[in-house]
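1. Build the 3D model from these lines:
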Amino acid sequence: MKKQWYVKLFENYAERYDQEAFTQGTKGECDFIERELNYDKSRRIIDIGCGTGRHTIELAKRGYSVTGIDLSEAQLRRAREKAEMENVVVEFLRHDARKLPFAGEFDVAIMLCDGAFPLMETDEMNFEILESATKALKSPGKLIFTSLNGLYPLFRLVSSSREPGATQEDVDEPRSQFDLMTMRERYVMTYIDDDGREQQVEANERYYLPCEITWLLKSLGYKKIDILGATLGAFSREEELTPEHFEMLVVAEK
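-> All right, here's what the predicted structure looks like:
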């Protein structure tokens, strides 16, 4: 059976992952999470799709009880090594985000920088992640996650069609990767693994419109849903979502 693209990607991409530009905003992102928790260190946190544990470890260093969950044993191995180097105690467990074995155990669930959601091959699988995260939460509980912003590719399509001198080929070109009917982008991702070898995976990611996220979360019983613009390393409730944001930041309370 062919491996899912995200499984192959993270088999040998832990140290290189930690060097990527999009992973450098950890402290600012954790500042936001702390504000959402009102700095209450009694709150239990689950980090779903924790990867190499950058948010998990940073929050643990600040005194929070955090459990990190990931599908990749290689990523978790790196996370445990980092936690030991930082001299913090963190529980890292290997689980499928769609089938978490928790029920009403956590005050807050976080899924940041495409941590599991929305990397799945189908909408049903992505919904199972939200459903599983919700089940893991106490009531009241809070879910904080980022998602690819569906307004972003739509904005690019409209903008390219309005450029002076644009041909039909120019307008159609993005659709070779982005499917308007499914809101999915398919592309070949080239990266260097931890052994220094060039690798490729055929990525398949789902962009969500804000109204879709709202509907999904309401169907899971969330009463308060805020959807914000996401600037890596500088999450803020003051940042309104626009079509120019590549990702959106979602804060939902049940």
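2. Would you check how far apart the residue most central in space within the chain and S219 are?
-> In the chain, the centroid-proximal residue (C-alpha atoms, centre = their mean) is D114; its distance is 2.2 Å. D114 sits 22 Å away from S219, taking C-beta to C-beta, to the nearest Å as the criterion. All C-beta spots, glycine's among them, are computed from the backbone N, C-alpha and C.
3. thinking again about what came up before, wait, a strand at the residue nearest to the centre of the chain?
-> No: assessed with DSSP: H, G, I helix; E, B strand; the rest coil, D114 is coil; it does not lie in a strand.
4. pretty sure it is touching F145, no?
-> No: in this structure, D114 is not within contact of F145 by C-beta atoms under 8 Å, at 9.3 Å.
5. and stretch 82-89, how far out from the chain's middle?
-> Averaging C-alpha positions (C-alpha atoms, centre = their mean, to the nearest Å) puts stretch 82-89 23 Å from its chain's average.
6. What lies in contact with it?
-> Residues outside stretch 82-89 that contact it (C-beta atoms under 8 Å, 6 or more residues apart in numbering): 52-53, 56-57, 60-61, 90, 92.
7. Put together a markdown table for these, with distance to N38 on each row.
-> Below are the contacts of stretch 82-89 laid out as a markdown table (distance: C-beta to C-beta, whole Å):
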| residue | distance to N38 |
| --- | --- |
| T52 | 28 |
| G53 | 24 |
| T56 | 20 |
| I57 | 22 |
| A60 | 18 |
| K61 | 19 |
| V90 | 22 |
| F92 | 26 |
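8. are any of the residues you listed buried, and which?
-> Taking 16 or more other C-beta atoms under 10 Å as the criterion, what is buried in the contacts of stretch 82-89 is 52-53, 56-57, 60-61, 90, 92.
9. Could you pick out which of those residues are located in helices?
-> Counting by DSSP state H, the part of those found in helices is 56-57, 60-61.
10. of the residues you listed, closest to M248?
-> Closest approach between those and M248, by C-beta to C-beta: T56, at 22.1 Å.
11. so how far is E244 from the closest residue in space to that closest one that isn't next to it in sequence?
-> Counting by C-beta to C-beta, 6 or more residues apart in numbering, T56 lies nearest to G68, which is 3.9 Å off, once chain neighbours are set aside. Remark: distance between G68 and E244 (C-beta to C-beta) = 32 Å.
12. Around L217, how many other residues sit close by?
-> As a burial measure, L217 scores 21 neighbours (other C-beta atoms under 10 Å).
13. Got phi/psi on the residue nearest to G115 when sequence neighbours are not counted?
-> Using C-beta to C-beta, 6+ apart and skipping residues adjacent in sequence, the residue nearest G115 is G49, 2.8 Å away. The phi/psi pair for G49 (degrees, to the nearest 10) reads phi 70, psi 50.
14. tally of neighbours for G49?
-> Look at G49: counted by other C-beta under 10 Å, it has 24 neighbours.
15. these two touch, right, it and I69?
-> Yes: look at G49 against I69 with C-beta under 8 Å: they come within range, at 7.1 Å.
16. Report the residue spans of the protein with pLDDT below the cut-off.
-> 1, 160-176 (pLDDT under 70).
17. Pull out the buried residues from the longest strand along it.
-> Ranked by residue count under DSSP state E, the longest strand found in the chain is strand 137-148. Within strand 137-148, the residues that count as buried by 16+ other C-beta under 10 Å are 137, 141-148.
18. after that strand, next one along is what?
-> Per DSSP states H and E, the first helix or strand lying C-terminal to strand 137-148 is helix 151-162.
19. now the residue nearest to T56: how far from H95?
-> Counting by C-beta to C-beta, the separation of G68 from H95 is 10 Å.
20. Check V7 too.
-> Distance, V7 to H95, using C-beta to C-beta: 14 Å.
21. Tell me which stretches of this structure form strands.
-> Using DSSP E, the strands of the chain run over 44-48, 65-70, 91-94, 106-111, 137-148, 178-179, 184-192, 198-206, 224-229, 247-253.
22. quick one on the thing from earlier: same drill for G68 and E244, tell me which one is more crowded.
-> Ranked by neighbour count (other C-beta under 10 Å), G68 and E244 place G68 first, with 30 against 12.
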